[in-house]
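S.K.: sequence plus the predicted model coming up.
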Amino acid sequence: MNVLILGATSDIAAEVARIYASRGARLYLIARNPEALAQLSAELGSAVVSSDAVDFTDYARASAAVERALTALGTLDVALLSQGYLGDQLESERNFEEARRQIEVNLLSAVAQLIPLAQHVEKNGRGTLAVITSVAGERGRPRNYTYGAAKGGLTLYLQGLRSRLWGKAHVVTIKLGPVDTKMTTHHKKNAVFASIPQAARGIVRAVDRRAGEVYVPGFWFFIMAVVRNMPEAIFQKLSFLSGR
Ligand SMILES: NC(=O)c1ccc[n+]([C@@H]2O[C@H](COP(=O)([O-])OP(=O)(O)OC[C@H]3O[C@@H](n4cnc5c(N)ncnc54)[C@H](OP(=O)(O)O)[C@@H]3O)[C@@H](O)[C@H]2O)c1
C-alpha cells in the first residue's frame, strides 16, 4: 500500500503515519519542518520511501514535491492532506496578512496539491484522497471565522472533486472536532476534545471504508446537525452556540 502524507509532522498526521507503518505501508512524507520530518522519518525507518521538506505556500515547489512523490511511489493508494494553521482570529480581523496566511495554508495550499493528486488518481482510476477540514467550517463563529471560512471552502471544493472523481477514485472529507495537539496547546480543554490517537484512528477508519464526508469523532455528526440547521434568529439568541 502506497501512502503519501502531506503535513506529515502534524501531531495527528504523524500518528496516522505510525498506524500505516505498522500495517506495512510504503510511506512518502512531505512537511515544512525539516528537523521534525527527519525525526519522524527516522522513527518510522524502512516504512519511509522518501521525504521532502517544503513550505506549502510556496505553491510551485510544493506541487513539484507532490509530483516527485507520485513518481517515487508509483501508484498512489492513499494521500492524506493534514496541513493547517489556526492562527490568531483577532489579528486576522485587523491585519490582512494574517487573514491571508490562514486562507493560504488551510485552503489554497490544499487546492495546489489536490490538482496534481486528482489528475493522478483520475488517470489511474484508483486511489483515495483524504483531507482534514474542520467542524469550524460548518458555520461561522466569532472565535475562528477566518480559519473556518478557509476550512469550509475546502469542504465545498472536496464535494465537487468527489463528484468529479466518482467511480474512479475516492475523496474523503474529514471534518475534525477539537483535538488536543500543538495547534490547541493554549485552549482550555473540555469533554469534547479528542486525543491524538483517537483522531488518528478515526481518520484511518474513514479512509478504510472510503467514507465521503465524515465527522471525527463521530458524535460531532449530531452536534453539527443542530448547529448547521438552526435558524439564524435562534442561533443569535443562544450565545453559547453563536459564540457571541
Ligand atoms: N487540533 C484541532 O483541534 C483541530 C481541529 C479541527 C481540524 N484540525 C486540522 O487538523 C489538521 C492537523 O492539525 P493538528 O491538530 O495535528 O495540528 P499541528 O500539529 O499544529 O499540525 C498542523 C501542521 O500544519 C503544518 N503547516 C502549517 N503551515 C504550513 C505551511 N505553510 N507549509 C507546510 N506545512 C504547514 C504545520 O507544520 P509545522 O510543523 O512546520 O508548523 C503542522 O505540521 C490541520 O488541518 C488542522 O487544521 C485540527
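M.R.: Great, that's in hand. All values reported here derive from a predicted model rather than from experimental measurement.

S.K.: how about the helices in the protein?
M.R.: Taking DSSP state H as the test, the helices found in the chain are 11-22, 34-44, 59-73, 89-94, 96-103, 109-124, 145-165, 196-208, 220-229, 232-237, 239-242.

S.K.: ok, which of the ones you listed comes nearest L176?
M.R.: When these are compared for distance to L176 using C-beta to C-beta, the nearest one is helix 196-208, at 6.4 Å. Using the backbone N, CA and C atoms, a C-beta is placed for each residue, glycine as well.

S.K.: return the residues of this protein in contact with the ligand.
M.R.: Proximity of the chain to the ligand (C-beta under 6 Å from any ligand atom) is limited to residues 7, 9-12, 31-33, 36, 55-57, 82-85, 105, 132, 134, 176, 178-179, 181-184.

S.K.: ok, now which ones touch I5?
M.R.: 13, 16-17, 20, 27-30, 79-80, 82 (C-beta atoms under 8 Å, 6 or more residues apart in numbering).

S.K.: relative to the ligand, which of these is nearest.
M.R.: The closest of the contacts of I5 to the ligand turns out to be S82 (C-beta to the nearest ligand atom; 4.7 Å).

S.K.: ok, the closest one touching T133?
M.R.: No. Judged on C-beta atoms under 8 Å, S82 makes no contact with T133 at a distance of 10.8 Å.

S.K.: neighbour count winner among these two?
M.R.: Using other C-beta atoms under 10 Å, the more surrounded residue of S82 and T133 is T133, with 27 against 24.

S.K.: just checking, that one touches I174?
M.R.: Yes. Taking C-beta under 8 Å as the contact criterion, T133 and I174 are neighbours in contact, 6.6 Å apart.

S.K.: can the helices of the chain go into TSV with extra columns for mean pLDDT?
M.R.: Formatted as TSV, the entries for the helices of the chain read as follows, by pLDDT from 0 to 100:
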stretch	mean pLDDT
helix 11-22	98
helix 34-44	98
helix 59-73	97
helix 89-94	97
helix 96-103	98
helix 109-124	98
helix 145-165	98
helix 196-208	98
helix 220-229	95
helix 232-237	91
helix 239-242	81
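
S.K.: tell me which residue in this structure sits closest to the ligand.
M.R.: For the chain, the residue positioned closest to the ligand under C-beta to the nearest ligand atom is G84, at a distance of 2.2 Å.

S.K.: what's around the closest residue to that residue other than its chain neighbours, how many residues?
M.R.: What sits nearest to G84 in space, not counting adjacent residues and going by C-beta to C-beta, 6 or more residues apart in numbering, is N106, at 5.8 Å. When counting by other C-beta under 10 Å, one arrives at 28 neighbours for N106.

S.K.: and the residue nearest the centre of the protein?
M.R.: The centroid of the chain falls nearest to I132 when counting by C-alpha atoms, centre = their mean (2.3 Å).

S.K.: list the contacts of that one.
M.R.: With C-beta under 8 Å, 6+ apart, I132 has these contacts: 12, 80-82, 84, 174, 176, 203.

S.K.: now the two most distant members of these.
M.R.: Greatest spatial distance among the contacts of I132 (C-beta to C-beta): G84 and I203, at 13.2 Å.

S.K.: return the set of buried residues in stretch 126-146.
M.R.: Buried residues in stretch 126-146, defined by neighbour count with 16 or more other C-beta atoms under 10 Å: 127-139, 141, 144-146.

S.K.: stretch 107-116 now?
M.R.: Neighbour counts over stretch 107-116 (16+ other C-beta under 10 Å) mark 107-110, 112-114, 116 as buried.

S.K.: what does stretch 94-104 give?
M.R.: Of the residues in stretch 94-104, those scored as buried under the neighbour-count criterion (16+ other C-beta under 10 Å) are 98-99, 101-104.
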